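A.B. asks: have a look; sequence and predicted model below, questions after that.
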2 protein chains.
Amino acid sequence: MSSILVIEDDAGIQRVLQRLFLAEHYDVKTASEGKQGWDAFASSSPDAVILDLMLPGMSGRELCRSIKESSPDTPVVVLSAISDVADKVLLLELGADDYVTKPFSPRELLARVQAAMRRARRARVRPTASFGDVQVDFARMQAIRNGAPVVLTAHEFRLLRFFIENAERVLTREELLNEVWGYNSYPSTRTVDNQVLKLRQKLEVNPAEPVHFCTVHGAGYRFVPAPPR
Amino acid sequence: MSSILVIEDDAGIQRVLQRLFLAEHYDVKTASEGKQGWDAFASSSPDAVILDLMLPGMSGRELCRSIKESSPDTPVVVLSAISDVADKVLLLELGADDYVTKPFSPRELLARVQAAMRRARRARVRPTASFGDVQVDFARMQAIRNGAPVVLTAHEFRLLRFFIENAERVLTREELLNEVWGYNSYPSTRTVDNQVLKLRQKLEVNPAEPVHFCTVHGAGYRFVPAPPR
DNA sequence: ACTGGTTTGTCACTTGCTTGTCAAATCAGC
DNA sequence: GCTGATTTGACAAGCAAGTGACAAACCAGT
């Protein structure tokens, strides 16, 4: 269950937000002024913060900056009274992830907070893998070798991904065909060899002597991220 | 024998699935609406679930989430009417392991369910065995002896696996030929001796005095994991 | 114990299948 | 229809399974 910290001095709005997020099964903590907000943030480290910029005590802006400084990955959604363009720029400078102007629709706020959390989650765990002198960025669907990007086709990438996900395991051609090519296409098993050949040519230091994409005679292939030397 | 829970309101599809999986010797349980599905899941804890997203009663989505929450390791394959990409994302958020769009090919569904079960099993336990100073990793298809990997060919590995699965039993050459080599190939029984010889050379401390791969004169061979000393 | 026949251990060689690799054919997206 | 990706087919090369020969071990009956 995710936890949300609401920092808002207006008791009415605070109550509305509390209900809104409780109904969605979030764990909600509240604070009504800056200093208290900072303490609550520091002690509970919530998964997201909803922050009213106009606060008594510690300024909302300062608080936003502090939060983002101490935990850049925690999404902060700002509540702002004015819908000023200049304000929008300011928010970005503060490091806020999104903003909603009062009066706001609860559902919109909910959606924005959830979206911000999704983005944050995705950014936190940027799926990546590396082996030898190759780095694979799954989000960008590209491999980088010695700093230079390697052009991989969609199929090659799917195969590479499956190899990485099943590192060390011996994978039969049938298994590869099923999982990488899909259940509805039935190419010959030679196709697998060819695709592996491509990966070797593009990613192995010496394609003729593969150390990562190893063949297991009579069985299939095995991907070895860290070959013994 | 593995058990499958089919949660599907369409009686026709339900029957098709039942036949399909019964033919493959699965134990099939069925439910035709959400609440009933949840009860069946909770009481029978099946090895895999096939779930139609469009259900009367408890929503299929909610049910999927609940199942995954209470038992993350149980694979759930979703039946979906729409082949929407956005839907695909949704499914992953629900925690489903795979999905098949209607109309579907029974064989494809079977393949996907089996693949999901394989993956789940793989994640749960890495099948391994050990005897003497040898460790056998079935997924990697390799044996490790005193930390050093031992190269085994596909056939040698199949033979080794059969020995391990039938430890202590005396296995005749005919039995070995049938089970390890297959029913369609009939090499001479000398072949078996040779293959056993290879295993001894690679895995015994003293190949000339085998303690694990013992010959039973006039009968065949016996694998002894823990020899008396 | 001895002996002969049978079974098994072991090795080198052959054969056959598996795989690497390339080029041509086919397919898919623009 | 063009372009790049994918698949197929052909051929060569490599590896491992299978075979047969011989020696050693084993067993049974004397």
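C.D. replies: All right, it came through fine. Given the structure is predicted, the values throughout are model-derived calculations rather than measurements. Numbers count the residues shown, from 1 in each chain, chains lettered A, B, ... in the order given.

A.B. asks: now the phi/psi pair for the closest residue to chain B within chain A, please.
C.D. replies: Checking chain A residue by residue against chain B with C-beta to the nearest C-beta singles out A:Gly218 as nearest, at 3.3 Å. Placement of C-beta: from N, CA and C, glycine included. Main-chain dihedrals, A:Gly218, degrees, to the nearest 10: phi 80, psi 0.

A.B. asks: spatially nearest residue to it, not counting backbone neighbours?
C.D. replies: In space, and not counting its chain neighbours, A:Gly218 is closest to B:Ala154: 3.3 Å by C-beta to C-beta, 6 or more residues apart in numbering or on different chains.

A.B. asks: wait, that neighbour touches A:Thr215, no?
C.D. replies: No: in this structure B:Ala154 lies outside contact range of A:Thr215 using C-beta atoms under 8 Å: 11.1 Å.

A.B. asks: which residues of chain A lie near chain B?
C.D. replies: A:168-170, A:178-179, A:183-184, A:216-219, A:222, A:228 (C-beta under 8 Å from any C-beta of the partner chain).

A.B. asks: measure the residue of chain A closest to chain B to B:Arg140 for me?
C.D. replies: Going from A:Gly218 to B:Arg140 by C-beta to C-beta, to the nearest Å gives 15 Å.

A.B. asks: name the secondary structure element that contains A:Thr215.
C.D. replies: Per DSSP states H and E: A:Thr215 is located in strand A:213-216.

A.B. asks: packing partners for that strand?
C.D. replies: If contacts are counted by 3 or more C-beta pairs under 8 Å, 6 or more residues apart in numbering or on different chains; DSSP states H and E, strand A:213-216 sits against helix A:189-203, strand A:220-223.

A.B. asks: of all those, which gets the most neighbours per residue?
C.D. replies: When the helices and strands packed on strand A:213-216 are scored by mean count of other C-beta atoms under 10 Å in any protein chain shown, the highest mean neighbour count falls to strand A:220-223 (a mean of 22).

A.B. asks: in the host helix or strand of A:Ala120, what counts as buried?
C.D. replies: When elements are defined using DSSP H and E, A:Ala120 is found to belong to helix A:106-124. By neighbour count with 16 or more other C-beta atoms under 10 Å in any protein chain shown, helix A:106-124 contains the buried residues A:109-110, A:112-114, A:116-117, A:120.

A.B. asks: same deal with stretch A:213-226?
C.D. replies: Of the residues in stretch A:213-226, those buried by neighbour count under the rule 16+ other C-beta under 10 Å are A:213, A:216, A:219-224.

A.B. asks: check stretch A:14-34 too.
C.D. replies: Under the neighbour-count criterion of 16+ other C-beta under 10 Å, stretch A:14-34 has A:14, A:16-18, A:20-21, A:26, A:28-34 buried.

A.B. asks: relative to DNA strand C, which of the residues you listed is nearest.
C.D. replies: Taking C-beta to the nearest atom of the strand as the measure, A:Tyr26 is the one of those closest to DNA strand C, at 40.6 Å.

A.B. asks: interface residues of chain A facing DNA strand D?
C.D. replies: Counting by C-beta under 7 Å from any atom of the strand, chain A comes close to DNA strand D at A:151, A:153-156, A:181, A:185-188, A:190-191, A:194-195, A:217-218.

A.B. asks: and the next element down the chain from the lowest-mean-pLDDT helix or strand in chain A?
C.D. replies: For chain A, counting by mean pLDDT, DSSP states H and E, helix A:85-94 ranks last in confidence among helices and strands (a mean of 63). As assigned by DSSP H and E, the chain's next helix or strand after helix A:85-94 is strand A:98-101.

A.B. asks: which strands or helices does that next one pack on?
C.D. replies: Using 3+ C-beta pairs under 8 Å, 6+ apart, strand A:98-101 is in contact with strand A:76-80, helix A:85-94, helix A:106-124.

A.B. asks: where among the ones you listed is average confidence lowest?
C.D. replies: Summarising mean pLDDT across those, the least confident stretch is helix A:85-94, with a mean of 63.

A.B. asks: ok now stretch A:97-107, how far from the chain's centre?
C.D. replies: Averaged C-alpha coordinates place stretch A:97-107 at 23 Å from its chain's average position (C-alpha atoms, centre = their mean, to the nearest Å).

A.B. asks: so which bits of that stretch are buried?
C.D. replies: By neighbour count, with 16+ other C-beta under 10 Å as the criterion, the buried positions of stretch A:97-107 are A:97-100, A:104.

A.B. asks: endpoints of it, how far apart?
C.D. replies: Between the opening and closing residues of stretch A:97-107 we find a distance of 17 Å, counting by C-alpha to C-alpha, to the nearest Å.

A.B. asks: and A:Pro187, how far is that from DNA strand C?
C.D. replies: According to C-beta to the nearest atom of the strand, to the nearest Å, A:Pro187 stands 10 Å off from DNA strand C.

A.B. asks: for that residue, give me the pLDDT.
C.D. replies: Model confidence at A:Pro187, given as pLDDT, is 86.
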